[in-house]
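Enquirer: Below is the sequence, then the predicted model.
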Amino acid sequence: MNNNNVDKQYNSMSYFYDVLYSGCDIKDWENDFINEHKDLLKNLEDNAKVLDSSCGNGIQATALKRYGIDVIGTDISEEMINLTKQYAESNNLLFPTKQLSWAELPDNFGEDFDIVFCYGNSICHSTDKEDMLNNIKSLYKITKNGGKIVIDTRNWDKVIKENIRFNGSGVKKHLDKTYVYTYIWNLNGFDQRGNVEIVFIDITDEKDAKCIPFRLDFTPFKHDEFISRLKSCGLRVVKDSFHESSDTYSVILQK
């Protein structure tokens, strides 16, 4: 990933990243992730290595470790790495983590991994088509021959078609504070840089409310063009859960 400030964006909102998940049963998220990829994971050899290349707050990497897999977590954001460590430690689990962009992965790993996960709608933070191709090639380089790459993404075809400007939340409780938040979408079409503004409203004080804004940049892409880019990097698509009505989908690729 080019230096496009996404690391700084995630660093700045690390506390509020947990607010997004408040009220959710995180163990259910872990179980859903494992169950979604159980057929892939159950065929791993005992000495297999797995990389979570955009580990965020650590839910997927921790789920993998709990499942008994030798996992490493990387992320471009130092604060996301800290959240991953905190979440793993809160579950009495430990695995290596390192702050790395996708572009930096080949300088730190060889063809080491049986599976590489790129989860949490992270690939859209690539700045443009060329940057995305380079990021995918980085994932390719660190995957063993015959290994798999799993990319999870928002369904941008649906997002662009519906052109929804605002999304709101219910009431969120986190560390004795009360919040609601709103997503404000600023879309410029496919393969054009856009962003979402996330405005958290702290309503803990009944006499006042405080707005805390953040912004995340992204580049939406069409599903069909995304698949073409993956294939152009030498990857074979073995599973594609895309459906025009789904909010997200994942693609499993083989090197």
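Expert: Happy to help now that I have it. Residues are numbered from 1 along each chain as shown.
Enquirer: show me what contacts the nearest residue to I69 once chain neighbours are set aside?
Expert: Distances taken as CB to CB, 6 or more residues apart in numbering place V50 nearest to I69, at 5.3 Å, with adjacent residues excluded. From N, CA and C alone the C-beta is placed, and that goes for glycine too. The contact partners of V50, taken as CB atoms under 8 Å, 6 or more residues apart in numbering, are L44, L64, I69, D70, V71, I72, F113, D114, I115, V116, F117.
Enquirer: Beyond the helix or strand hosting Q9, next helix or strand please.
Expert: If you go by DSSP states H and E, Q9 is part of helix 6-12. Downstream of helix 6-12, the first helix or strand assigned by DSSP H and E is helix 14-21.
Enquirer: Name the residues of that following helix that are buried.
Expert: S14, F16, Y17, D18, V19, L20, Y21 (16 or more other CB atoms under 10 Å).
Enquirer: any idea which of these is closest to K98?
Expert: S14 (17.0 Å; CB to CB).
Enquirer: what sits against that closest one?
Expert: S77, E79, M80, N82, L83.
Enquirer: before we move on, back to that, among the contacts of V50, which pair sits farthest apart?
Expert: Farthest apart among the contacts of V50 by CB to CB are L44 and I72. That separation is 14.4 Å.
Enquirer: ranking the contacts of S14 by neighbours, who comes first?
Expert: In terms of neighbour count, M80 stands highest of these at 27 neighbours, by other CB atoms under 10 Å.
Enquirer: That one: which element?
Expert: Using DSSP H and E, M80 sits within helix 78-90.
Enquirer: other SSEs contacting that helix?
Expert: Helix 78-90 sits against helix 6-12, helix 14-21, helix 59-66, strand 70-75, strand 97-99, with contacts defined as 3 or more CB pairs under 8 Å, 6 or more residues apart in numbering; DSSP states H and E.
Enquirer: For the residue located most distally from the centre of the chain, give me the backbone phi and psi.
Expert: Centroid-distance maximum for the chain: K207 at 36.7 Å, with CA atoms, centre = their mean. Backbone torsions for K207, taken as degrees, to the nearest 10, come to phi -90, psi -10.
Enquirer: what sits up against the strand ranked longest in the chain?
Expert: For the chain, the strand with the greatest residue count under DSSP state E is strand 143-154. Identification of contacts with strand 143-154 by CB under 8 Å, 6+ apart yields 37, 40, 111-121, 123-124, 136, 139-140, 226, 230, 235, 238, 247-255.
Enquirer: ok, of these, which come out buried?
Expert: The buried subset of those (16+ other CB under 10 Å) comprises 37, 40, 112-121, 123-124, 136, 139-140, 226, 230, 235, 249-253, 255.
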